[in-house]
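Enquirer: Sequence plus predicted model, see below.
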Amino acid sequence: MARIIDVAAYIIRQYHAVTGENLDEMKLHKLLYLTQRETIAETGEPAFDEVFEGWKYGPVSRDVRDVYADGKIIVPTKEIPAELQYIVNNVVFEYGLLASLELSELSHKDSSWQNARKGLDPDENGDVPLNLDDIRADAARIRPYDHVWDMYYDEFEDEA
């Protein structure tokens, strides 16, 4: 199993390789959450043990916040396993072009975030961890890469 900071560093590199742009912190946290959800959907196991908290704009990892500065992870990192690289690459391709706020709205649809937000004001960040079983339930509701299929299907329909 990888460490979340290693996955974060890989996401940052891949995002830059695909888009030529630097990754903002909000989008990084959402792509990390989606990586966790998609990994569970694909393999049945989480990509990493670290948790997310239910902040107002979606899941946030304090572990990553503590080591993220100037668009990069500022502590030494290790390579992640090839199987996880494959999933991260797909997450970056599938969701990376969405704006940070679109990813935030997407994460707000998941019960894992909603459950961590119970009892909080909308503008309150909160510090309740997302429950891994809730993320598993969210993962069970999705079929990985449906979002990409929907984009291409809509584009195909427009051309027909």
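Expert: Yes, it's here. Residues are numbered from 1 along each chain as shown.

Enquirer: Could you list the buried residues of whichever strand or helix holds Tyr15?
Expert: Per DSSP states H and E: Tyr15 is located in helix 4-19. Within helix 4-19, the residues that count as buried by 16 or more other Cβ atoms under 10 Å are Ile4, Ile5, Asp6, Val7, Ala8, Ala9, Tyr10, Ile11, Ile12, Arg13, Gln14, Tyr15. All C-beta atoms are positioned from the backbone trio N, CA, C, and that covers glycine.

Enquirer: tell me which of those is nearest to Thr35?
Expert: Closest approach to Thr35 among the buried residues of helix 4-19 (Cβ to Cβ): Val7, at 6.1 Å.

Enquirer: Verify the stated contact: that closest one with Glu50.
Expert: No: counting by Cβ atoms under 8 Å, Val7 stays clear of Glu50, with 9.2 Å between them.

Enquirer: a markdown table for the buried residues of helix 4-19, including distance to Pro122 and pLDDT?
Expert: Formatted as a markdown table, the buried residues of helix 4-19 follow (distance: Cβ to Cβ, whole Å; pLDDT from 0 to 100):
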| residue | distance to Pro122 | pLDDT |
| --- | --- | --- |
| Ile4 | 26 | 98 |
| Ile5 | 29 | 98 |
| Asp6 | 33 | 98 |
| Val7 | 29 | 98 |
| Ala8 | 27 | 98 |
| Ala9 | 32 | 98 |
| Tyr10 | 32 | 98 |
| Ile11 | 27 | 98 |
| Ile12 | 29 | 98 |
| Arg13 | 34 | 97 |
| Gln14 | 32 | 97 |
| Tyr15 | 28 | 97 |
